[in-house]
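>>> what's the 3D shape of this:
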Amino acid sequence: MGGSLALALRPHVAGLAAVETSPAGFALARSLDIVDVVHSDLAAGVAGADLVVLATPVRTILALLEQLPHARPGGCLVLDLGSTKQAVCRAMAALPAGFRAIGGHPMCGKESAGLAAATADLYQGQTFVLCPPQDQPDPAWAVLAEALVTQIGSRPVWLPPDSHDQLVALTSHLPYVAAALLMQQAAQAASGNGHVWPVSASGFRDTARLAGSDPAMLRDILLTNRAAVLARLQQYQTGLAQFIQLLDSADEAALYQWLAARQAEHDLYRQAKLEPPALPTTGEDDVYANYGSG
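Numbering: from 1, shown residues only. Predicted structure coming up:
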């Protein structure tokens, strides 16, 4: 995510510096020529920076936010790319007065991790959620954050951190767990049956794709959004139990109706992705209405 953002921003900024603490990552970052300079030390990497983007697993972001006041005593703008926002925004709110921070979550990505997978067009046409750590975003930084998101081809959407975490538990984190469990079941079957992988086709490939995601990133996501993910898993478990009963009943008409309803819902989903609906302008999102460009 960080490498793709650097590639997307490179034509539009004066300079880019990266911090990579692992020797292998440091060497790769230098060889790929994604940024102008690579540092192995946080303080050296953020010295003089106008904007610091934290593009690591969520719990590493939390640790970096604690270190940032010591590494950059004068303060700066801060944006993160973490997949959960409540813990991150609480840590951002605790930063000293010289810092202005906004939580970010681009709703895109790949199951393959690392700088080698970075592409400049990753963010094109994608939703980029912005979450202020306070009730109201800092006006000047909010405008700049929207400009940055728009510049890389994304659509900025403002959400309160708790609303964000509830939504992604359903649309991102639950799908990962479902894919991982499917992969586990298939791998167990394949250990005793050599035909499992040869007869797996695009349906299995597409459904199991998320199981290939970075485990360190997903561990932090699931632990920092544990309550919301558990609630969605319980709902999923209830729905699965109901479907088992339906299939066990062999009620052909009821089964067809259930499948047809899911197809209709999928059609609505695809249409909504092609033509995004207008965002709410009342209720809990009122404080974000002046800052959302979508």
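
>>> backbone dihedrals for residue 75, please?
phi 90, psi 170 (degrees, to the nearest 10).

>>> list the residues that contact it.
For residue 75, the contact set (C-beta atoms under 8 Å, 6 or more residues apart in numbering) comprises 69, 95-100. No exception for glycine: its C-beta is placed from N, CA and C like everyone else's.

>>> same check, this time on residue 255
246-247.

>>> would you confirm that it belongs to a helix?
Yes - membership of residue 255 in a helix is supported by DSSP: H, G, I helix; E, B strand; the rest coil.

>>> per-residue pLDDT, it?
In this prediction, residue 255 carries a pLDDT score of 98.

>>> over to residue 246?
The model's pLDDT for residue 246 equals 98.

>>> quick check: phi and psi at it.
Torsion angles, degrees, to the nearest 10, at residue 246: phi -60, psi -50.

>>> and it, how many neighbours?
15 (other C-beta atoms under 10 Å).

>>> from memory it sits against residue 257, does it?
No - applying C-beta atoms under 8 Å as the test, residue 246 and residue 257 come out as separate, 9.6 Å apart.

>>> quick one on the thing from earlier: quick one: which of the contacts of residue 75 sit in helices?
The helices, defined by DSSP state H, take in residue 69 from the contacts of residue 75.

>>> quick check: of the contacts of residue 75, which has the highest neighbour count?
residue 100 (22 neighbours).

>>> ok, now how distant is the residue nearest to it when sequence neighbours are not counted from residue 273?
The shortest distance from residue 100 to any residue other than its chain neighbours is 4.4 Å, reached at residue 141 (C-beta to C-beta, 6 or more residues apart in numbering). Distance, residue 141 to residue 273, by C-beta to C-beta, to the nearest Å: 29 Å.

>>> for residue 98, same thing?
40 Å.

>>> packing partners of the helix or strand bottoming out on mean pLDDT in the chain?
Counting by mean pLDDT, DSSP states H and E, the weakest-scoring helix or strand in the chain turns out to be helix 23-32, with a mean of 75. With contacts defined as 3 or more C-beta pairs under 8 Å, 6 or more residues apart in numbering; DSSP states H and E, the packing partners of helix 23-32 are strand 37-39.

>>> give me the residues contacting the strand it packs on.
By C-beta under 8 Å, 6+ apart, strand 37-39 touches 15-20, 26, 29-30, 45.

>>> now do 10 Å
For strand 37-39, contacts defined as C-beta atoms under 10 Å, 6 or more residues apart in numbering pick out 15-21, 25-32, 44-47.

>>> how about the residue sitting nearest the centre point of the chain, what does it touch?
Nearest residue to the geometric centre of the chain (C-alpha atoms, centre = their mean): residue 83, 3.7 Å. Listed by C-beta under 10 Å, 6+ apart, the contact set of residue 83 reads 1, 57-58, 61, 105-107, 109, 129, 164-165, 168, 172-173, 176, 217-218, 220-222, 224-225.

>>> those residues in strands, which ones?
Judged by DSSP state E, strands contain the following of the contacts of residue 83: 105-106, 129.

>>> out of these, which is most surrounded?
Neighbour-wise, the ones in strands among the contacts of residue 83 (other C-beta under 10 Å) top out at residue 105, 25 neighbours.

>>> name whatever forms a beta bridge with that residue.
Counting by DSSP bridges, residue 105 forms beta bridges with residue 129.
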